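> here's a sequence, model it:
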Amino acid sequence: MTLILGIDPGSRATGYGIIESVGNKLKYVDCGCVRPTPGEHPQRLRDIFFALTGIIEQYSPQECAIEEVFLGKSVSSALKLGQARGAAMVACLQFDLPVAEYTPRTVKQAVTGSGAADKLQVQHMIKVLLGLQGKLQADAADALAIAVCHANSRQSMVRIAAARSFGGRRYKT
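Residues are numbered from 1 along each chain as shown. Now for the predicted structure:
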C-alpha cells in the first residue's frame, strides 16, 4: 500500500488530493484546497508551505506528485505559480518524500484518455475512478488526477521493469 499526495499548485488556491494505491487498485483518502489568506505573495507562499506540511504530518504519504508549470497568461503569473510549486515541493522534501512532476497534458491523458480534456471531463473521470459522489472542487479534482496519474505511472514502471527482467533471461531449447 502506498499513500500518494497529489498537488495542484497555485498562489491563490492549491489543491491537494490523497489516494491509496495497492497494486492497480486506487482508493480515495482525502482532498481539499489550501486557500492562503489574502495579502502579500510571500505570506501566501508561507501559508501554502505550512498547510501542506500539516497535511503531510496528518496522513504520512510515501510519495508526492505535482503538476509542472505551464505557460501562464503572463510572465508574472507563471513566476508566481512557480514559486507556489516551490513552496509545495519544499514542504514535501522536508519529509524526504520523493516528488514526481507531470505536465497538465500528461495528467489529462492518464485520467481521461485525452491530453486536451477540459476541467469538467477531468472532474467527472476522477469521480468515476475513485467512486466519489457529489460536487468536487476543481483544484481538488486536479490534485487527485495528478495522484492518479502518478499511481498509474508507478504501475507502468513496475510492469516495464518486470518485462525487462524476464526478457533478459535466455532459455535453451
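
> low-confidence stretches in this structure?
Low-confidence regions of the chain, defined by pLDDT under 70, span residues 71-72, 155-173.

> which stretches in it count as strands?
Counting by DSSP state E, the chain has these strands, from start to end: 2-8, 14-22, 25-34, 63-67, 99-102.

> using CSV, lay out these together with mean neighbour count and distance to residue 51.
(C-beta placed from N, C-alpha, C; glycine too.) Below are these laid out as CSV (neighbours: other C-beta atoms under 10 Å; distance: least, C-beta to C-beta, whole Å):
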stretch, mean neighbour count, distance to residue 51
strand 2-8, 25, 11
strand 14-22, 23, 8
strand 25-34, 18, 4
strand 63-67, 25, 14
strand 99-102, 18, 17
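
> can I get those strands in CSV including distance to residue 78?
Below are the strands of the chain laid out as CSV (distance: least, C-beta to C-beta, whole Å):
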stretch, distance to residue 78
strand 2-8, 15
strand 14-22, 16
strand 25-34, 20
strand 63-67, 13
strand 99-102, 15
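
> tell me which of these lies nearest to residue 133.
strand 25-34 (10.6 Å; C-beta to C-beta).

> against which helices or strands is the closest one packed?
strand 14-22, helix 41-59, helix 119-130, helix 138-167 (3 or more C-beta pairs under 8 Å, 6 or more residues apart in numbering; DSSP states H and E).

> who touches the third one?
Think helix 119-130. Defining contact as C-beta atoms under 8 Å, 6 or more residues apart in numbering, one finds that helix 119-130 is touched by 19, 26-28, 107-108, 111-112, 114, 117, 132-133, 136, 138, 141-142, 144-145, 148.

> ok, 10 Å please
17, 19, 26-29, 31, 104, 107-108, 110-114, 117-118, 132-145, 147-148, 152 (C-beta atoms under 10 Å, 6 or more residues apart in numbering).

> then the second one?
Identification of contacts with helix 41-59 by C-beta under 10 Å, 6+ apart yields 3, 5, 7, 9-14, 16, 18, 20, 29-30, 32-40, 61, 64, 79-80, 83-92, 94-95, 97.

> list the buried ones in that helix?
Buried residues in helix 41-59, defined by neighbour count with 16 or more other C-beta atoms under 10 Å: 44-45, 47-49, 51-53, 55-56.

> likewise for stretch 69-77?
residue 69.

> run through who's touching that stretch.
Stretch 69-77 is contacted from outside by 9-11, 78-85, 101, 103-105, using C-beta under 10 Å, 6+ apart.
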